[in-house]
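Participant: sequence first, then the predicted structure, then my questions.
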Amino acid sequence: MRMAHTCVRVKDLNASIEFYESAFGFTENSRRDFPEGEFTLVYLSLPNDDYELELTYNYDQVEPYDLGDGYGHIAIATEDVQALHDKHAAEGFDVTDLKGLPGTPPSYYFIKDPDGYKIEVIKEDK
């Protein structure tokens, strides 16, 4: 077995694709349109990574999705968390300050996508 994908529902498909491409370098692997069901599925992944992020776009969604209090976050690991944080902040993305767990140096931050989903960006442990 292996993890296949994580799904998030998005209100504006183009804005979400642009965010994940520009913020992290995701690329679109495939797209499946279901006009009779009034939804589209877009699968994105990072270079050299088989794990996919599924963006589900429902044609009739007008209001932002209620993320509720059950959604946690997805996490993306990077070798240089400081450099990526600086890039995201300079590009005007909604980011938190770099943080660390108690007694540890700063090693992570959060960035929000267009729908308000939080993505944790963490320092890759090798």
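Facilitator: That came in fine, so what should we check first?
Participant: could you list the low-pLDDT ranges of this protein?
Facilitator: 126 (pLDDT under 70).
Participant: got the contact list for the residue positioned nearest the centre of it?
Facilitator: Nearest to the geometric centre of the chain sits Ile119, at 5.4 Å (CA atoms, centre = their mean). By CB atoms under 8 Å, 6 or more residues apart in numbering, the contact set of Ile119 is 24, 73-76, 110-113. For glycine as for every other residue, the C-beta is placed from the backbone atoms N, C-alpha and C.
Participant: could you look up the SS state of Glu18?
Facilitator: helix (DSSP: H, G, I helix; E, B strand; the rest coil).
Participant: narrow the contacts of Ile119 to just the buried residues.
Facilitator: Among these, the ones that count as buried by 16 or more other CB atoms under 10 Å are 24, 76, 110-111, 113.
Participant: so which of the residues you listed belong to strands?
Facilitator: Those of those mapping onto strands are 76, 110-111, per DSSP state E.
Participant: could these go into CSV alongside distance to Thr104?
Facilitator: Below are those laid out as CSV (distance: CB to CB, whole Å):
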residue, distance to Thr104
Ile76, 19
Phe110, 17
Ile111, 20
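Participant: between the residues you listed, which is closest to Asp69?
Facilitator: Taking CB to CB as the measure, Phe110 is the one of those closest to Asp69, at 15.9 Å.
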